[in-house]
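Q: After the sequence you'll find the predicted model.
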Amino acid sequence: MTTTAASTSAGPQRYQDRYAARPEAARQGRRDIASVLDNWGLPHLIEVAEQIVTELVANAVEHTGAATIGISVTRTGEEAVRIVVTDTSRTAPTPAAPSGDAENGRGLLLVDALAHDWGSEPVHGGKRVWAELRGGGLLFLAPDGESPLTTNQLTEEPCPLQSSPSALAPSAPRTP
């Protein structure tokens, strides 16, 4: 595990590690990312970050044939992080259009809904798939599809808000 501390000369806080490309890498990555986010005082990002790590790692393990994958998280702002999963495939991920009863194929659609932004880019020896999270959380839309909810209508619990409703619309991966 490699972690750097925040300071003006050292750059942003960052955690990175490599994992064997096996299904248990998702569990290990979730555990490590959760620990880092908690240490950085960002526990409110843990649940979404864990889900994103799970989906991106599962895609890398299932679709690339890589022997190892990299997982990193970089603090990009006071309440913002960028999660990156790297692998040795140069094939860009594309969201599927699964049928209603399909058991697979929704991972990138979920990443698109949970992340403020996401995309992929080729790098030397493969690609990186990234997702950005911001402390505001998700925007939940009311049944009219336009106005944001401030509470969950089932539980009356407050709903966290995200700065952009576009996070809920499926889209192709973006490049920086």
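A: Yes, it's here. Because the structure is predicted, anything quoted here is derived from the model rather than measured. Numbering: from 1, shown residues only.
Q: in stretch 47-57, what's buried?
A: When neighbours are counted by 16 or more other CB atoms under 10 Å, the buried residues of stretch 47-57 are found to be 48-57. C-beta: built from backbone N, CA, C; applies to glycine.
Q: quick check: longest helix of this structure.
A: When the chain is parsed with DSSP state H, its longest helix is helix 46-63.
Q: what about stretch 22-30, average pLDDT?
A: Across stretch 22-30, the average pLDDT comes to 95.
Q: Restricting to C-alpha, output that stretch in CSV.
A: C-alpha atoms of stretch 22-30 as CSV (Å, rounded to 0.1, in the frame of the first residue of the first chain):
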residue,chain,number,x,y,z
ARG,A,22,-9.2,-12.2,-9.0
PRO,A,23,-12.8,-11.7,-7.7
GLU,A,24,-11.5,-11.1,-4.1
ALA,A,25,-9.6,-8.0,-5.4
ALA,A,26,-12.9,-6.1,-5.1
ARG,A,27,-13.3,-7.0,-1.4
GLN,A,28,-9.7,-6.0,-0.7
GLY,A,29,-10.0,-2.8,-2.7
ARG,A,30,-13.2,-1.8,-0.9
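Q: Can you show me the helices along this structure?
A: Taking DSSP H as the criterion, the chain carries its helices at 24-39, 46-63, 107-114.
Q: returning to what we had before: would you turn the buried residues of stretch 47-57 into TSV with distance to Pro12?
A: Listed next are those as TSV, based on distance: CB to CB, whole Å:
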residue	distance to Pro12
Val48	19
Ala49	16
Glu50	21
Gln51	23
Ile52	19
Val53	19
Thr54	24
Glu55	24
Leu56	20
Val57	22
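Q: and which of those residues is nearest to Gly107?
A: Comparing the buried residues of stretch 47-57 against Gly107 with CB to CB places Glu55 closest, at 3.9 Å.
Q: Just to check, Arg128 is in contact with Thr88?
A: No. Counting by CB atoms under 8 Å, Arg128 stays clear of Thr88, with 11.2 Å between them.
Q: what residues are shared contacts of these two?
A: Between them, Arg128 and Thr88 share no contacting residue under CB atoms under 8 Å, 6 or more residues apart in numbering.
Q: For the longest helix of the chain, the averaged confidence score.
A: Mean pLDDT, helix 46-63: 94.
Q: What number of residues are in the vicinity of Gly29?
A: Neighbourhood size, Gly29 [other CB atoms under 10 Å]: 26.
Q: nope, Leu133 is what I meant
A: The burial count assigned to Leu133 is 27, neighbours taken as other CB under 10 Å.
Q: what bridges to it?
A: When assigned by DSSP bridges, Leu133 has beta-bridge partners Val81.
Q: wait, doesn't it sit right on Val48?
A: Yes. The criterion here is CB under 8 Å, and Leu133 meets it with Val48 at 5.9 Å.
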